[in-house]
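# Build me a model:
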Amino acid sequence: MSSIMPEKTKKEDIILDSALRPSSWQDYVGQDKIKENIRIIITAAKQRLQSPDHLLFYGNSGLGKTTLAYLVANEMGKTIRSTSGPALERAGDLAAILTNLAEGDVLFLDEIHRINKTIEEYLYPAMEDYKLNLVLGKGPMARTMELKLPKFTLIGATTRPGLLSAPLRNRFGATFQLNFYSKEDIQKIIERSGKLLKIKMEPGAVEAIAKRSRFTPRVANRLVKRVRDFAQVQGAEIITKEIAENSLDSLEVDLMGLDPSDRNILRALIEKFNGGPVGLQSLSAAAMEEEDTILDIYEPYLMQCGLIERTPKGRVATNLAYEHLNLKHLKKQSNLL
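Next up is the predicted model:
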């Protein structure tokens, strides 16, 4: 089953994100309050000739957490080194990265909620005191070696802030939540991406793509590239509203930005559980999607659209979900019998 929001980013998406990623604050559209606060933190740190405090970004996938991290490094004029929580399997992996940092560098740690708990213990003194305490050997012969580290800024990114332990979360100097973008901001992002990809688009085409972009820059950029493919095959020099809408219809992306996987989850909730409430594990099995994928990728947007509600008893499909899928509300019918 195709999806515009796959669980794992493909190589093509990584290349696309890199090419279209803003390289300056002026190019970064949206999240204005967050940008303003981050720039104040950076400016104050530069005036004190210090590294900025450690920063934590959280929000749904594709909202610009990685881009913000790179902009912080650019603003500081420092190098950024990137890794992810699952990639740090041993203390030696963390030591290798930290000891190769220069003074003032930025370490970007994606999916920080998935970091190994043992590695997390080593990270505490590194963040607070800029030192790393390694245990060498085992048993009676074990000894501790202290490594001094350059002062650096750790930027963590996560889609699941609730999974971070309190000690780790409290070591960040500032925490920022990235929200879904407005339609106007998404349109600006699509226009900018079109120029970078040398695509001519009518305003109606930009608006059509924005409506189905899930208010997420990464998805918007993906759809721009797919619509370009359709226009190219048709030999169209300018992407019109009609071409954009027909292309998105062919991709099975509906007017609310839902793809087949979104609709599959909603149908499973409605048809197999009578609209809920249902627990995540049961919904995951019925929809044949991993629990983490539903939590991180699909559910935030479905809730944002008002198609799903989370209750103490589980997930519930709203009246809007029934209307969107053109399904009859079985509970209302049963009440009439």
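
# what's in contact with the longest helix seen in the chain?
The longest helix of the chain (DSSP state H) is helix 217-234. Residues outside helix 217-234 that contact it (C-beta atoms under 8 Å, 6 or more residues apart in numbering): 4-5, 13, 16-17, 20, 29-30, 61-64, 181, 186, 189-190, 193-194, 197, 199, 205, 209-210, 212-213, 238-239, 243-244, 246-248, 250-251, 253, 257. To be clear about C-beta, it is placed using only N, CA and C from the backbone, and glycine gets the same treatment.

# and what of stretch 307-327?
So stretch 307-327 is in contact with 254, 256, 258, 263, 266-267, 269-271, 275-280, 282-283, 299, 302-303, 305-306, 328-329, going by C-beta under 8 Å, 6+ apart.

# Next, work out how far apart residue 256 and residue 321 are.
10 Å (C-beta to C-beta, to the nearest Å).

# who has more neighbours, these two?
residue 321 (25 against 17; other C-beta atoms under 10 Å).

# Okay, and that one sits in which element?
Counting by DSSP states H and E, the element that carries residue 321 is helix 319-324.

# cool, residue 134 as well?
With DSSP H and E as the test, residue 134 turns up in strand 131-136.

# for that strand, what is the average pLDDT?
Strand 131-136 shows a mean pLDDT of 74.

# Quick one, which of the contacts of helix 217-234 are buried?
Neighbour counting with 16 or more other C-beta atoms under 10 Å marks 4-5, 13, 16-17, 20, 29-30, 61-64, 181, 186, 189-190, 193-194, 199, 205, 209-210, 212-213, 239, 243-244, 246-248, 251, 253, 257 as buried within the contacts of helix 217-234.

# where in this protein is pLDDT low?
1-18, 135-143, 329-337 (pLDDT under 70).

# Nearest the geometric middle of it, what residue?
residue 61 (1.8 Å; C-alpha atoms, centre = their mean).

# Assign a three-state SS to that one, would you?
Recorded secondary structure, residue 61: coil (DSSP: H, G, I helix; E, B strand; the rest coil).

# Got the phi and psi for it?
Dihedral pair for residue 61: phi -60, psi 140, per degrees, to the nearest 10.

# Same check on residue 296?
The phi/psi pair for residue 296 (degrees, to the nearest 10) is phi -90, psi -40.

# and residue 76, what is it in contact with?
By C-beta under 8 Å, 6+ apart, the neighbours of residue 76 are 42, 45, 46, 51, 52, 104, 106, 153.

# Out of those residues, which comes closest to residue 97?
residue 106 (11.9 Å; C-beta to C-beta).
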